[in-house]
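Participant: Give me a model of this one.
(2 chains, ligands or ions: 2)
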Amino acid sequence: MKIAVCIKQVPDSETRIKMSGPTTELDQTGFTRVLNPYDAYAVEEAVKIKEAGGDVEIVAVTIGPETVKETLKKDCLAVGCDRALLIDDPALQGADEAAIATVLAAVLQKDSFDLILCGIKSIDDDSGQVGIMVAEKLGLPHVSTITHLELGDGTLTAHREIEGGKEIVTASLPALLTCQKGLNEPRLPSLPNIMKANMKPIETMTCADLGLEVPAAKTKIKMYHPPAARGACKLVENDDPAAAARELARLLNEEAKVI
Amino acid sequence: MPNIAVFIEQRDGKFKKVAWQMLSEAKRITAASGGEVWALCLGADASGEAARYGADKVFNAGGESFATYNSELWSTATAQFCSTHKPEVLLVGSTAMGKDLGPKVAAKLDCACISDAVGLTWADGWTVRRPIYAGKCSIEVEPLTDMAVVGIRPNAFVLEENAAAAAAEAFSPDLSGVDPKAQVQSIEAVGAGDVELTEAEIVVSGGRGIKGPESYELIEKLAAALGAAAGASRAIVDAGWVDYSHQVGQTGKTVGPNLYIACGISGAIQHLAGMSSSKCIVAINKDANAPIFKAADYGIVGDLFQIVPPLTEEVIKLRG
Ligand SMILES: Cc1cc2nc3c(=O)[nH]c(=O)nc-3n(C[C@H](O)[C@H](O)[C@H](O)COP(=O)(O)OP(=O)(O)OC[C@H]3O[C@@H](n4cnc5c(N)ncnc54)[C@H](O)[C@@H]3O)c2cc1C
Ligand SMILES: Nc1ncnc2c1ncn2[C@@H]1O[C@H](COP(=O)(O)O)[C@@H](O)[C@H]1O
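Facilitator: Ligands and ions are numbered 1, 2, ... in the order given. A predicted model of the protein is given here:
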């Protein structure tokens, strides 16, 4: 069985965005970059499948700059992926979701994967599009937002999170899944495994190497805005907590008019 | 003159409120710019409601294929609709179904796809406003293709009744070539009867300040009194006190209700990321220096165990 895991390197969730007003470019200096947290569930699930036995190869696939190699080593190869493919092409810097999906589909098409795992969304652009688009481009079924997975013989059963419950979905392999929190508990790499990961191959390529033209963008970011400023917090002060609670309810009702 | 198609989401004949919010906004846009609002409903007849919120035409498709949601069948039908009628934009709710459907339809049509939008303006082309980095900043995006699929966050647009005499039109997609390889076998309710977080107009959340799983009940009671959804910080989800489906934040749900009440939550950047676009934020925390107060409009510095119960009582009184 061959599994591909699509991973993205993203700014850490602690990242603060520095901007004093609207701007056409985001200042990304000083950002710490890590594995997209949702992709960690995808990596972990692949490794669990491998550990369950059988002949399984896991390939981590990513589009990004040279610096993604650190994430590939530490968070993918050191926790159980066998090798990695890095599409490092300056022309893809700032590429939109559709372009990323087109390139990923082209890479994945070169091999025959039984299972492709993605995260539900990346925590920087917050799109949640790439996985589903890749599946469509490859003509594969997908199940999005999964919190549970069982593999059968050429089939899978997954739980998909929906409002107020879950769908139990079956699909035939090959298939693409997008992984949600709850699916598993991603492990941390051990120091010896990080050392060993240095021996695992990372193959780097460009669009030209893939025989692919750089896909044209379908969307364009015109402007970045800081979040709307909020006024100062109005503190309700009263030594009697119950009286303070009543005053708060009154303010929410009469002043803010939200209850 | 933009024609706007709106995907009317339903499960078991129950329509999603976000569909009416999208119709309301679409109507506001076409009232100013011309063009029509088209409601597309798979699996139910939405004619009555869709007309009430401003649809000019309603396209209902029925039949076995639309009895339960299926990504392959529903996206094929929706893409066929768009290819035939060529709306300038297709709006889908940013819900479990819409987030699954939208990108698939866009990939089929090879057109722009913009997720989780909170603003949409037309001036000889679309400008879509959406938060990124979980709300730490927002962007204005422009689609570069003739058609665009745009996901709309629940509660981003205000409901407005705008009765139109919508014409019901036939729509019978050709699904003969589709043999779905993924299929929903069943649906299990989890915490049935709860108000869904992402759609709620009021959210009451609890954090580590509630001390233990048994006191989450305090949060749920206040939520029930307000007709609100109950949320949580990651700290109490990871501690196993409540299910992950309650988590608000960068790696949880993003909410933008009219009122968000944070009880015993410190206000870590990852939590703020999921709720800072709420219209009114209330913080109840015993630490006056907790960062949550910087994000809040109203606050009480104090012990939530002494504040939440009387607040709940007062709310019950007010709401009678
Ligand atoms: C990659 C990553 C992703 C993350 N994603 C999320 C996310 O999606 N959502 C999220 O919430 N967090 C997320 N976090 C975690 C986040 O950094 C914080 O750790 C978390 O939000 C803290 O939860 P808390 O406020 O409940 O707990 P604490 O920070 O421990 O705060 C508890 C608060 O309760 C107050 N308190 C205590 N007792 C009382 C009392 N009796 N009455 C009133 N107040 C009281 C205290 O003063 C304190 O401010 C993420 C972290 C990382 C690294
Ligand atoms: N540059 C990339 N390289 C590899 N995989 C990616 C890339 N961008 C997105 N993905 C995958 O697609 C998922 C959804 O991303 P997005 O649509 O950007 O929110 C991520 O969780 C990854 O699994």
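Participant: the helices in the stretch 151-259 of chain A, which residues?
Facilitator: In the stretch 151-259 of chain A, helices defined by DSSP state H, counting those that start in this stretch lie at A:191-197, A:241-250, listed in chain order.
Participant: Repeat that for the stretch 151-300 of chain B.
Facilitator: Under DSSP H, counting those that start in this stretch, the stretch 151-300 of chain B gives helices at B:216-226, B:234-238, B:269-275, B:292-295.
Participant: same deal with the stretch 1-150 of chain A?
Facilitator: A:37-51, A:68-71, A:97-109, A:130-138.
Participant: For the first one, buried residues please.
Facilitator: Of the residues in helix A:37-51, those buried under the neighbour-count criterion (16 or more other C-beta atoms under 10 Å in any protein chain shown) are A:37-47, A:49-50. C-beta here means a position set from N, CA and C on the backbone, and glycine is covered the same way.
Participant: per-residue confidence for residue B:193?
Facilitator: Per-residue confidence (pLDDT) for residue B:193: 52.
Participant: Could you do residue A:12 as well?
Facilitator: 95.
Participant: Report the contact partners of the closest residue in space to it that isn't next to it in sequence.
Facilitator: Once flanking residues are discounted, residue A:12 sits nearest to residue A:32: 4.4 Å by C-beta to C-beta, 6 or more residues apart in numbering or on different chains. The contact partners of residue A:32, by C-beta atoms under 8 Å, 6 or more residues apart in numbering or on different chains, come to A:11, A:12, A:14, A:15.
Participant: Ligand 1 versus residue A:218, what's the distance?
Facilitator: Taking C-beta to the nearest ligand atom, to the nearest Å as the measure, residue A:218 falls 29 Å from ligand 1.
Participant: do you know how far the residue nearest to that residue when sequence neighbours are not counted is from residue A:259?
Facilitator: In this structure, residue A:218 finds its nearest non-sequential neighbour in residue B:112, 4.1 Å apart by C-beta to C-beta, 6+ apart. Residue B:112 is 39 Å from residue A:259, where distance means C-beta to C-beta, to the nearest Å.
Participant: the more surrounded of these two?
Facilitator: Between residue B:112 and residue A:259, residue B:112 has the larger neighbour count (other C-beta atoms under 10 Å in any protein chain shown), namely 26 against 23.
Participant: Bridged to whichever residue of chain A sits closest to ligand 2, which residues?
Facilitator: Of all residues in chain A, residue A:119 sits closest to ligand 2, at 2.5 Å by C-beta to the nearest ligand atom. Taking DSSP bridges as the rule, residue A:119 bridges to residue A:179.
Participant: thinking again about what came up before, right, and the helices of the stretch 1-150 of chain A - which one's nearest chain B?
Facilitator: helix A:130-138 (3.7 Å; C-beta to the nearest C-beta).
Participant: Is ligand 2 within reach of that closest one?
Facilitator: Yes. Helix A:130-138 lies within reach of ligand 2 by C-beta under 6 Å from any ligand atom, at A:130, A:131.
Participant: Name the residues that touch that helix?
Facilitator: For helix A:130-138, using C-beta under 8 Å, 6+ apart, the contacting residues are A:6, A:97-98, A:100-102, A:104-105, A:108-109, A:116, A:118-120, A:122, A:141-142, A:144, A:175-178, B:75, B:100, B:103-104, B:106-108, B:113.
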